[in-house]
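**Q** 3D model of this:
(one chain, ligands or ions: 2)
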Amino acid sequence: MATHDAPTSSGPYSDAHARSLTDREGFWLDAARAIDWTVAPTRALDDTDAPLYRWFPDGVLNTAHNCLDRHVEAGRGDAPALVHDSAMTGEVTRFTYAQLRDEVAALAGALAARGVGKGDRVLVYLPMIPQAPIAMLACARLGAVHSVVFGGFAPRELAARIDDATPDVVLTCTGGIEPKRRVEYLPAVAEALETASHPVRTVLVHAREGFETALADVSARGGAAWEDWDAAVADAEPAACVDVAATDPLYVLYTSGTTGKPKGVVRDNGGHAVALRWTMENIYDVGPGQAMCTASDVGWVVGHSYIVYGPLLAGATTVMYEGKPVGTPDAGAFWRLVEDHGVRSFFTAPTALRAIRKADPEGELLRAHDLSSLKHFFAAGERLDPETQRWIEGLLEMPVIDHWWQTETGWAIAANPVGLQELPVKIGSASVPSPGFDLVVLDGLGEEVPAGTEGNIAVRLPLPPGTLPTLWGADQRYVDSYLSAFPGHYATGDSGVVDEDGYVFVLGRTDDVINVSGHRLSTGVLEAALAAHPAVAECAVIGVADQLKGQRPSGYVVLTSGVEVPEPGSDAETELLDALRQAVRREVGPVADFRDVTVVDALPKTRSGKILRKTMRQMADGEDYTVPSTIEDASVLEQLQPLLRPGR
Ligand code: COA
Ligand code: AMP
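**A** Ligands and ions are numbered 1, 2, ... in the order given. Predicted coordinates for the structure are as follows:
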């Protein structure tokens, strides 16, 4: 059973954490020895352009070589690299390291034949099929920069990413499979190409069976050359790994910020390889011959790091799951994966655990499987609520580790480093700061608060390797968004508490970012979709607590003058609200899961016109709140109160 005693203040973890801050060069150059370099770095940190930092400035390597070729060259070509298990098709596909390397080299050859080289961008829009990691690694092989877009986003969001990353090639397939429907990718890609200003040269389409729209139906659209992926690969000469500087970008991954424009988080090659390799051993406790299953999506950072790069850098087996935690076919899906593939470390989002608990509260489906291979269970993406944590710990009879992450950091800011030293679990805490992260909690003025006091969680610069060096093509935006609020620190955007034992409790965002089923969304983007509807004069979207999804977006709209406010419960109201829901689905995508929308007379604002979203959320969640003294008209808030009740 999990222990919940006070942690030890000395031992391998505290030694490693202390050394990572006091002997940064030594700590990270030691970690870098686990990577195969063409030119080994002699320096760890380059701070000449602070507050922009670079890691391993004189190192040269190739990330795909480290993920694949080096293991084959070391005689492990027959070892399992990737197991793809699809609950949607019932198929299991296995790739050894040699097979995966050959697939990757062939696709890299096809990309090279289409002019893709070092530094060029390739957009990847694929569901959870083996082609997704193959696409990412093929880009890495060429030194090209991939940008993966999650399949649940709408064409407009795809277009925004095309315009920012300016890719030459898009890699996609005919579609993804959701439990209730087939998601046709090609019309979405075609619409995105037509919406974007940047011209994409080539679209390679992997033909997946069972979809209505085929290559021929879209090939005249968007000004690109649309080609069949498999034919292109069949004709290609396998490509060799291209040397890149450690500081060269490996990928750009877009994430939601406060504004409507997504932020292109950049990941470099060298720092990323070193950091992830270190985490595999020290946090996840997974190495060669052992299997890790991360039930996320390649479209999110967790998928990038621990479906694709981390396990392969470690020479382990990654189990990639296409399916849901429940309903495909039942809430035993994760436990089946553990049994079938001998999974040692499993990683998922709390929302998935809540869904499983709802369907199988007594754990009957869990007990029906042999989980003897399972040694560690991790959760991230949102806070693991204590009730769910206790429930799953009780069933698994092992500590369940909550760890705290961001797209920006690429790996856990706080975690229980079980491979290094298993620390006691504190329920409700994301454990302790990871080595390399010098965490502080600051008040609004940037002063450190005492242990146990809530504040803004920040990290003293520099951030460790593997974290974002900047935003794509936007150094100043990076500085403005993250480094300006508390000079000398990276502002995480999360608030929380660090207790006397150094355990971190993350309590929520300090900005307008919400987290729906572990998916990070900007309320600004949702509001923009609502505001574009002609009947809407102004609106506010807040994230209200939801028992299953952590938060759900809830919209409040004020109608344009002249538009009649429909009677509550009338057909006219249903029609209007449906149109607003559809607007969000069309503009942002089904991933927003936008269902709650209410027509109101007015929105509460400060005298300077800022909508009081935080107060609205506190009221909706039934929390204590104080009405800001700057409120323009307190009666608006009073009128809104009955509409903001929790559980609506
Ligand atoms: N492509 C297209 N559409 C997608 C999609 C994808 N990759 N993923 C989700 N969607 C759609 C769903 O089909 C659904 O559409 P619908 O409105 O037509 O039904 C909508 O987006 C919302 O989906 P989802 O968030 O999956 O909600 P759900 O109610 O269908 O399922 C859970 C609930 C808990 C099972 C599900 O949210 C889940 O598996 N969450 C875990 C998320 C996760 O792993 N996050 C990782 C972050 S580290
Ligand atoms: P993303 O960039 O999509 O990974 O989302 C990052 C955000 O999710 C963080 O800033 C947190 O708000 C939230 N988050 C992720 N993991 C956790 C966790 N373990 N506990 C609390 N919040 C989390």
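**Q** so which strand or helix has residue 378?
**A** Taking DSSP states H and E as the definition, residue 378 sits inside strand 376-379.
**Q** Show the subsequent helix or strand relative to that strand.
**A** Scanning the chain past strand 376-379 towards its C-terminal end, the next helix or strand to appear is helix 386-396 (assignment: DSSP H and E).
**Q** The strand holding residue 378 packs against which elements?
**A** Contacts defined by 3 or more Cβ pairs under 8 Å, 6 or more residues apart in numbering; DSSP states H and E place strand 376-379 against strand 343-348, helix 386-396, strand 400-402. (C-beta placed from N, C-alpha, C; glycine too.)
**Q** can you tell if the shortest one touches ligand 1?
**A** No. Under the criterion of Cβ under 6 Å from any ligand atom, strand 400-402 makes no contact with ligand 1; the nearest approach is 12.1 Å.
**Q** Show the end-to-end separation of stretch 189-203, please.
**A** From the first residue to the last, stretch 189-203 extends over 9 Å; the measure is Cα to Cα, to the nearest Å.
**Q** what comes into contact with that stretch?
**A** Stretch 189-203 is contacted from outside by 114-115, 123, 125, 155-156, 158-160, 162-163, 166-172, 218, 221-227, using Cβ atoms under 8 Å, 6 or more residues apart in numbering.
**Q** what does the stretch 101-250 of the chain put close to ligand 1?
**A** Counting by Cβ under 6 Å from any ligand atom, the stretch 101-250 of the chain sits next to ligand 1 at 127, 151-152, 176, 178, 180, 183.
**Q** export those to a markdown table and tack on neighbour count, secondary structure and pLDDT?
**A** Written out in a markdown table, the entries for those read as follows (neighbours: other Cβ atoms under 10 Å; DSSP: H, G, I helix; E, B strand; the rest coil; pLDDT from 0 to 100):
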| residue | neighbour count | secondary structure | pLDDT |
| --- | --- | --- | --- |
| 127 | 24 | coil | 98 |
| 151 | 25 | coil | 92 |
| 152 | 19 | coil | 90 |
| 176 | 22 | strand | 98 |
| 178 | 15 | strand | 97 |
| 180 | 6 | coil | 94 |
| 183 | 15 | strand | 97 |
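**Q** picking that back up, pick the most deeply packed of the helices and strands packed on strand 376-379.
**A** Of the helices and strands packed on strand 376-379, the one with the most neighbours on average (mean count of other Cβ atoms under 10 Å) is strand 400-402, at a mean of 28.
**Q** Paired strands for that strand, with orientation please.
**A** strand 376-379 (parallel) (DSSP bridges).
**Q** Would you mind pulling the contact partners of the partner strand?
**A** Strand 376-379 is contacted by residues 284-285, 344-350, 353, 389, 392, 396, 398-403, 415, 418 when judged by Cβ under 8 Å, 6+ apart.
**Q** any idea what the closest residue to residue 285 other than its chain neighbours is structurally, helix, strand or coil?
**A** The shortest distance from residue 285 to any residue other than its chain neighbours is 3.6 Å, reached at residue 419 (Cβ to Cβ, 6 or more residues apart in numbering). Classification of residue 419 using DSSP: H, G, I helix; E, B strand; the rest coil returns coil.
**Q** any idea how far residue 419 lies from residue 430?
**A** From residue 419 over to residue 430 the distance is 17 Å, taken as Cβ to Cβ, to the nearest Å.
**Q** Looking at these two, which has the bigger crowd around it?
**A** Using other Cβ atoms under 10 Å, the more surrounded residue of residue 419 and residue 430 is residue 430, with 26 against 19.
**Q** near ligand 1, which residues of the stretch 451-600 of the chain?
**A** Applying Cβ under 6 Å from any ligand atom, one finds that the stretch 451-600 of the chain approaches ligand 1 through 517-518, 590-591, 593.
**Q** For residue 133, grab phi and psi.
**A** Main-chain torsions, residue 133, degrees, to the nearest 10: phi -60, psi -30.
**Q** thought it was touching residue 307?
**A** Yes. At 7.0 Å, residue 133 and residue 307 qualify as touching, with contact defined as Cβ atoms under 8 Å.
**Q** shared neighbours of those two, anything?
**A** Common neighbours of residue 133 and residue 307, using Cβ under 8 Å, 6+ apart, are 298, 318, 320.
**Q** Looking at those residues, spot the one nearest ligand 1.
**A** Taking Cβ to the nearest ligand atom as the measure, residue 298 is the one of those closest to ligand 1, at 9.6 Å.
**Q** What residues does the nearest residue to that closest one once chain neighbours are set aside make contact with?
**A** Nearest residue to residue 298, sequence neighbours excluded (Cβ to Cβ, 6+ apart): residue 132, at 4.4 Å. By Cβ under 8 Å, 6+ apart, the contact list for residue 132 reads 124, 126, 148, 298, 308.
**Q** cool, and residue 209?
**A** By Cβ under 8 Å, 6+ apart, no residues touch residue 209.
**Q** The one 10 residues further on now?
**A** Residue 219 makes contact with residue 226 under the criterion Cβ under 8 Å, 6+ apart.
**Q** Phi first, then psi, for residue 289.
**A** When read as degrees, to the nearest 10, the backbone of residue 289 gives phi 80, psi 0.
**Q** how near is it to ligand 1?
**A** Counting by Cβ to the nearest ligand atom, to the nearest Å, the gap between residue 289 and ligand 1 amounts to 26 Å.
**Q** same question, residue 503
**A** When residue 503 is compared with ligand 1 (using Cβ to the nearest ligand atom), they lie 21 Å apart.
**Q** got any ranges where the stretch 151-300 of the chain has weak pLDDT?
**A** Low-confidence regions of the stretch 151-300 of the chain, defined by pLDDT under 70, span residues 258-260.
**Q** Would you map the helices across it?
**A** Listed from the start of the chain, the stretch 151-300 of the chain has helices (DSSP state H, counting those that start in this stretch) covering 155-165, 185-195, 215-218, 229-234, 270-282.
**Q** closest to residue 538 among the shared contacts of residue 133 and residue 307?
**A** For the shared contacts of residue 133 and residue 307, the minimum distance to residue 538 (Cβ to Cβ) is 36.9 Å, reached by residue 298.
**Q** List the contacts of the closest one.
**A** 124, 126, 128, 132-133, 136, 148, 304, 307-308.
**Q** The residue in the stretch 151-300 of the chain positioned nearest to ligand 2: neighbour count?
**A** Distances from the stretch 151-300 of the chain to ligand 2, computed as Cβ to the nearest ligand atom, single out residue 255 as the nearest residue at 5.0 Å. For residue 255, the tally of surrounding residues (other Cβ under 10 Å) stands at 19.
**Q** For ligand 1, see how far away it is.
**A** Using Cβ to the nearest ligand atom, one gets 12 Å for the distance from residue 255 to ligand 1.
**Q** So what sits opposite that residue in the bridge?
**A** Taking DSSP bridges, one finds residue 263 as the beta-bridge partners of residue 255.
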